[in-house]
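*Asks:* Provided below for reference: sequence and predicted model.
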Amino acid sequence: ESRPIVISKDFDAQLIEIVQQYRQRTEQFKEKVIDPYASSPECSPPVSEYKSIQLMINDNRKYIAWLSLVTIAFNYNLWFIPVRMAFPYHDPEAVPLWFTLDIIADIIYVIDIIVFQPRLQFCKGGDIIYDKDVIKKKYRGSSRFQNDVLSVLPSDLLYFLFGFKSVFRINRLMKSEAFFEFSDRLEGIMTKAYIWRVIRTIGYLMFILHLNACLYYVASEYQGIGKTKWVYSGQGSAYLRCYYFAVRTLINIGGLPEPHTVFEITFQLANFFVGVFVFSSLIGQMRDVIGAATASQTYFRASMDACVEYMVSNHIPRLVQTRVRTWYNYTWDSQGMLDESELLEQMPLVMRTAIAVDINLATFQKIDLFKGCDNQMLVDMLLRLKSIVYLPGDFVCKKGDIGKEMYIIKAGEVQVIGGPDNKIVFVTLKAGCVFGEISLLQSSANGGNRRTANVAAHGFANLFVLDKKDLNDILIHYPESQKVLARKGRKLMKAKGKTAPVKDEGEKKKGLAMFGQKPPTPKMLRAFGGFGKGGLLEKLRVCDDLMSGIMVQTHICNLVCVWQWI
Ligand SMILES: Nc1nc2c(ncn2[C@@H]2O[C@@H]3COP(=O)(O)O[C@H]3[C@H]2O)c(=O)[nH]1
């Protein structure tokens, strides 16, 4: 409605407040008209209870910690039930230990069913359901509940009838959903999720070998331990020997005693077939995991290689090539990606806003130029910023050029320079400073939109760039802020002593003439633009920045001529 929403750092709290405001208004509304949604108890939660529903969203980490315990209990059952079924591990010494561990695992299962699962929120039609009774009802009607209950049925009581046999605990394996839930949630909160994926895939591999070791022991027992050369001989640690056999068979390493009986041959053949299938899929899975983990690195390498190849084939001077490489390497090292905006583009606006606000709003609010401007305008600006890296000595802008962008220093320093050979440093601007705003905030009348000074990167400088068109688009919606900025622009002009704009373009033309070329015509550029976004033209922009436009334009011309000729 008419009330502005001020986006704060604490986005969750903000969200809760908005929901509360909405609900209060709904309550007022209900007094006058019949609210068609009022009949649904899930859609009209009392505001006071809102905070108690955060188990799934806010306490995600606590829930994951609990799930890790359930996962350990599940894995205990998963690994030890088959081993206890296959190997003779039910001797009187081991039984008390198994019994204690079984009870602990069962207690964890029961707590999960009674305490945690019935409190887990869920989404229905996009609304988070927090009502305890509704949540309980939903859980009790779910297949998960059925599996959970089946998994804790005290089937072990059959011990009294048939003795201590682990097969009666097989129903404990029905808790597998908890393991997969744990795995998914853990991936969701890990910064390097691939580490967990690799561990999990190795776990699957080891478990299959583990099962095979158990089967081999059962097969050996069936044939008679030590009866033939193929079966387990009965010497050494039974589990270790059988596991060794499983590794050699399933991974198809070979070098095992030859099977002789029909049973042995069939068993071994089945082992080989399963081994080929299982291991090829696991290796494929591992390749996918590692491939996904290094995808961005591969993309970076491919982009750099393509650019280098392009420069080499077009005989771009070595100096430029080195600088392009340096730009690639520094950009990659400093921000871990080449183009941040590419990543953010996939997100909905609200998410991009949340990220942009969290990272940069505080810095923006401190900038003198923006003091007194609408907060929402700053947020709009944040969303349009582009991040660019300049190498040491690069000119960010040159005196007399038309100002089309303004800059905010994210990291590093730039220097306002002048005098003969640009040797005089007027001022050094550091992280958080704004520059390039003077020509941007002035009208083009009398050359007011021209740069008033040379600005060059001192070391590596990471800058945010705001386009003039973007700024104008934003300011249309914020007339008050526009006035504030215009006033500040005028003040800056006076305070910084605007130097006379360069009217003579001859200097630049001379630069181009040195290479015996003319600047590319719009037609030529259009022809070149045919390579598409992110293509050659985009790559060339990097060189363009580095060589202040002159040398690269020369090469563009050469290329365009060849292109047109073709
Ligand atoms: N002219 C001038 N510009 C400065 C000075 N200090 C910083 N700058 C910045 O350098 C920028 C050069 O481009 P603009 O004229 O657009 O805006 C200028 C200012 O933002 C100074 O002392 N004089």
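*Replies:* In hand now; what should we look at?
*Asks:* The residue of the stretch 101-250 of the chain found nearest the ligand in helix, strand or coil?
*Replies:* For the stretch 101-250 of the chain, the residue closest to the ligand is T191, as judged by CB to the nearest ligand atom, at 37.4 Å. Where C-beta positions appear, they are placed from N, C-alpha and C, glycine not excepted. Three-state assignment for T191 (DSSP: H, G, I helix; E, B strand; the rest coil): coil.
*Asks:* So which residues on the stretch 301-450 of the chain come close to the ligand?
*Replies:* Neighbours of the ligand within the stretch 301-450 of the chain, by CB under 6 Å from any ligand atom: 397, 403, 416, 426-427, 435-440.
*Asks:* Which of the helices or strands spans the residue in the stretch 451-566 of the chain that the ligand sits nearest to?
*Replies:* Scanning the stretch 451-566 of the chain for the residue nearest the ligand gives T452, at 3.4 Å (criterion: CB to the nearest ligand atom). If you go by DSSP states H and E, T452 is not part of any helix or strand.
*Asks:* just how off-centre is the helix or strand V465 falls within within its chain?
*Replies:* Per DSSP H and E, V465 falls inside strand 461-467. Mean C-alpha position of strand 461-467 versus that of the full chain (CA atoms, centre = their mean, to the nearest Å) differs by 23 Å.
*Asks:* again with stretch 232-244
*Replies:* Worked out by CA atoms, centre = their mean, stretch 232-244 lies 45 Å from the chain centre.
*Asks:* who touches that stretch?
*Replies:* Residues outside stretch 232-244 that contact it (CB atoms under 8 Å, 6 or more residues apart in numbering) are 83, 87-88, 209-210, 213-214, 216-217, 220, 225-226, 245.
*Asks:* returning to that earlier point: next up, phi/psi of the residue of the stretch 101-250 of the chain closest to the ligand, please.
*Replies:* phi -80, psi -30 (degrees, to the nearest 10).
*Asks:* measure it to G336 for me?
*Replies:* In this view, T191 and G336 are 11 Å apart by CB to CB, to the nearest Å.
*Asks:* wait, isn't L209 in contact with R248?
*Replies:* No. L209 lies out of contact with R248 (CB atoms under 8 Å); the separation is 10.1 Å.
*Asks:* These two: which is more packed in?
*Replies:* L209 (21 against 15; other CB atoms under 10 Å).
*Asks:* Work out for me the element that one sits within.
*Replies:* Per DSSP H and E: helix 193-223 holds L209.
*Asks:* Quick check: mean pLDDT of that helix?
*Replies:* Mean per-residue pLDDT for helix 193-223: 93.
*Asks:* Can you name every helix or strand that it contacts?
*Replies:* Counting contacts by 3 or more CB pairs under 8 Å, 6 or more residues apart in numbering; DSSP states H and E, helix 193-223 is packed against helix 60-86, helix 176-189, helix 238-250, helix 262-293.
*Asks:* In a strand, V396, correct?
*Replies:* Yes. Assessed by three-state DSSP, V396 belongs to a strand.
*Asks:* show me where the stretch 351-500 of the chain has helices.
*Replies:* Applying DSSP state H, counting those that start in this stretch to the stretch 351-500 of the chain gives helices spanning 362-366, 375-384, 437-441, 468-475, 479-496.
*Asks:* Out of those helices, which is the most enclosed?
*Replies:* helix 437-441 (a mean of 23; mean count of other CB atoms under 10 Å).
*Asks:* Export it to CSV, keeping only CA atoms.
*Replies:* Taking Å, rounded to 0.1, in the frame of the first residue of the first chain, the C-alpha atoms of helix 437-441 are listed here in CSV:
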residue,chain,number,x,y,z
GLU,A,437,29.9,12.1,-10.6
ILE,A,438,30.7,15.7,-11.7
SER,A,439,30.3,15.2,-15.4
LEU,A,440,27.4,12.8,-14.8
LEU,A,441,25.3,15.2,-12.8
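*Asks:* Identify the residues contacting it?
*Replies:* So helix 437-441 is in contact with 369, 402-406, 448-452, 468, 471, 485-486, 488-489, 492-493, 496, 498, going by CB under 8 Å, 6+ apart.
*Asks:* Return the member of the contacts of stretch 232-244 nearest to P420.
*Replies:* Distance to P420 across the contacts of stretch 232-244 (CB to CB) is lowest for L209, with 75.9 Å.
*Asks:* wait, what's in contact with that closest one?
*Replies:* L209 touches 243, 246-247, 250, counting by CB under 8 Å, 6+ apart.
*Asks:* For it, give its distance to I253.
*Replies:* 12 Å.
*Asks:* Quick check: neighbours shared by the two?
*Replies:* Jointly contacting L209 and I253 under the rule CB under 8 Å, 6+ apart are V247.
*Asks:* can you tell me how far the residue of the stretch 101-250 of the chain closest to the ligand sits from M337?
*Replies:* In terms of CB to CB, T191 sits 15 Å off from M337.
*Asks:* Over to Y204?
*Replies:* On the measure of CB to CB, Y204 and M337 end up 31 Å apart.
*Asks:* Ok, A292 next?
*Replies:* 15 Å.
*Asks:* Who has more neighbours out of these two?
*Replies:* Using other CB under 10 Å as the criterion, A292 and M337 rank with M337 on top: 15 against 12.
*Asks:* Can you list phi and psi of the more buried one for me?
*Replies:* Main-chain torsions, M337, degrees, to the nearest 10: phi -160, psi 160.
*Asks:* show me the contacts for it.
*Replies:* Applying CB under 8 Å, 6+ apart, the residues near M337 are 296, 300, 343.
*Asks:* which outside residues touch the helix or strand harbouring I107?
*Replies:* Following DSSP H and E, one finds I107 within helix 94-111. For helix 94-111, contacts defined as CB under 8 Å, 6+ apart pick out 69-70, 72-74, 76-77, 80, 84, 89-90, 148, 151-152, 156, 164, 166, 169, 172, 175.
*Asks:* ok, how many other residues are close to A86?
*Replies:* A86 has 22 neighbouring residues, counting by other CB under 10 Å.
*Asks:* How about G226?
*Replies:* 12.
*Asks:* helix, strand or coil for the residue lying closest to it once chain neighbours are set aside?
*Replies:* Excluding the flanking residues, the one nearest G226 by CB to CB, 6 or more residues apart in numbering is G234, at 4.3 Å. For G234, the assignment made with three-state DSSP gives coil.
*Asks:* burial measure for G234, as a count.
*Replies:* 12.
*Asks:* how much space between it and T228?
*Replies:* For G234 relative to T228 (CB to CB), the value is 12 Å.
*Asks:* Spell out which residues of this structure are next to the ligand.
*Replies:* 397, 403, 416, 426-427, 435-440, 451-453, 455, 496, 498-499.
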